[in-house]
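Peer 1: I need the structure of the sequence given here:
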Amino acid sequence: MLYLFIDVLSSSGLYISVMITKIAININPDDTDSFPLLDSIIDLLDARNVEVMLPEYGNLTSKYVQYVKDNEAFIREAEVVAVIGGDGTFIRTARIFSGTGTPIFGINRGRLGFLNEFHPEEALSFIDQLVVEKFTVSPRMMMQASLQRGSKEITRIDFLNDAVITKGSFSRPIRIRLELDDEFISCYSGDGLIVATATGSTAYSLSAGGPIIVPYDEHTYIFNPICPHMLAIRPMIIPDIMKLKASIVSEFENLLLTIDGQVAIELEKNDEIRFKRSSSEVILVNHPERTYFDVLRQKLGWGVNRNDTG
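Peer 2: Modelled structure (predicted):
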């Protein structure tokens, strides 16, 4: 695993210095407008004698058949994975490669692109640098949600951004009981609950009034009640050593647990969703010329003039 070849820890991330020989590329196969960029990246890597690996997507195999790998080899052999797409494509890729130590180089073709740090017009230049020079990476914490129904665990799944309990199409509020390390915290009525990592603090949780957690030192996560019917109920930042349990008190149909906006699991009354830090993490390739705060200013429309003091 490439993540083992770390030279030194710096304030900007973990330095990696190693010759790259294989790069996997993951895309949104429905985004055919990304194919010209994919072609340019393949041409660059071919010229550098770097092996390109593509996943087994049906509409790729005819033109790119020589680069297609089976899923096991695609994950196992990759030294770096480049992602072309929006944050959704990045998250799908991150979940595939979580725990492997493989750095992910995100190229943004979506709208916000908090996770994909590189613009398409600069991607070729920085991929070229990545192949031949040192680069820095940042590990990002993942959380784990397990659904307990009675004495049986129904499912267990990791997430990078957030897990959300929602009431589906019902207009009535649902009741959720919260415990931290088995100590009762609150039971409230509202539209649901968001549990977000530091990485996910700028996603749905931010829209629901939650705080931003800078993900440089990820030892915390957030629980954020959605539209609670009690003004005293507020988002809370939790140490990652504590385990959160959310119990469904309401007896409704169509209650859902949504994982990273991509997986939906039906919930029932008395279900317990247990959240804790995952043993897996995701490794991001850092942009060498933009910081996390540069991205915040750009994406959130904050003041951009560094010299403005008034």
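
Peer 1: low-confidence stretches in the stretch 1-150 of the chain?
Peer 2: 1-18, 58-61, 111-113 (pLDDT under 70).

Peer 1: all strands for it, in order.
Peer 2: 6-10, 13-16, 22-27, 51-53, 80-85, 103-108, 135-149 (DSSP state E, counting those that start in this stretch).

Peer 1: nearest residue to Gly26 other than its sequence neighbours?
Peer 2: That one is not Gly; residue 26 is Asn. Distances taken as CB to CB, 6 or more residues apart in numbering place Thr93 nearest to Asn26, at 4.6 Å, with adjacent residues excluded. Where C-beta positions appear, they are placed from N, C-alpha and C, glycine not excepted.

Peer 1: distance of the one you found from Gly150?
Peer 2: Distance, Thr93 to Gly150, by CB to CB, to the nearest Å: 35 Å.

Peer 1: who has more neighbours, these two?
Peer 2: Neighbours were counted for Thr93 and for Gly150 using other CB atoms under 10 Å; Thr93 has more, 27 against 10.

Peer 1: what's near enough to touch that one?
Peer 2: By CB atoms under 8 Å, 6 or more residues apart in numbering, the residues touching Thr93 are Asn26, Val81, Val83, Ile104.

Peer 1: mind putting the strands of the stretch 1-150 of the chain into JSON lines with distance to Phe118 and mean neighbour count?
Peer 2: As requested, the strands of the stretch 1-150 of the chain are exported to JSON lines (distance: least, CB to CB, whole Å; neighbours: other CB atoms under 10 Å):
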{"stretch": "strand 6-10", "distance to Phe118": "20", "mean neighbour count": "11"}
{"stretch": "strand 13-16", "distance to Phe118": "15", "mean neighbour count": "19"}
{"stretch": "strand 22-27", "distance to Phe118": "13", "mean neighbour count": "23"}
{"stretch": "strand 51-53", "distance to Phe118": "17", "mean neighbour count": "19"}
{"stretch": "strand 80-85", "distance to Phe118": "9", "mean neighbour count": "26"}
{"stretch": "strand 103-108", "distance to Phe118": "5", "mean neighbour count": "26"}
{"stretch": "strand 135-149", "distance to Phe118": "12", "mean neighbour count": "20"}
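
Peer 1: reformat those as TSV; add distance to Asn71.
Peer 2: Below are the strands of the stretch 1-150 of the chain laid out as TSV (distance: least, CB to CB, whole Å):
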stretch	distance to Asn71
strand 6-10	27
strand 13-16	25
strand 22-27	11
strand 51-53	11
strand 80-85	13
strand 103-108	17
strand 135-149	20
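
Peer 1: which residues of the stretch 1-150 of the chain fall in helices?
Peer 2: Along the stretch 1-150 of the chain, the stretches classed as helices by DSSP state H, counting those that start in this stretch are 35-47, 61-64, 71-77, 87-97, 120-132.

Peer 1: and of those helices, who's closest to Cys187?
Peer 2: For the helices of the stretch 1-150 of the chain, the distance to Cys187 is smallest for helix 87-97, at 31.1 Å, taking CB to CB.

Peer 1: go through that closest one and flag the buried ones.
Peer 2: Across helix 87-97, burial judged by 16 or more other CB atoms under 10 Å covers Asp87, Thr89, Phe90, Ile91, Arg92, Thr93, Ala94, Arg95, Ile96, Phe97.

Peer 1: from the chain's centroid, how far away is stretch 277-291?
Peer 2: Its chain's average C-alpha position is 9 Å from that of stretch 277-291, according to CA atoms, centre = their mean, to the nearest Å.

Peer 1: for Gly200, which non-adjacent residue is closest in space?
Peer 2: Excluding the flanking residues, the one nearest Gly200 by CB to CB, 6+ apart is Asn161, at 3.3 Å.
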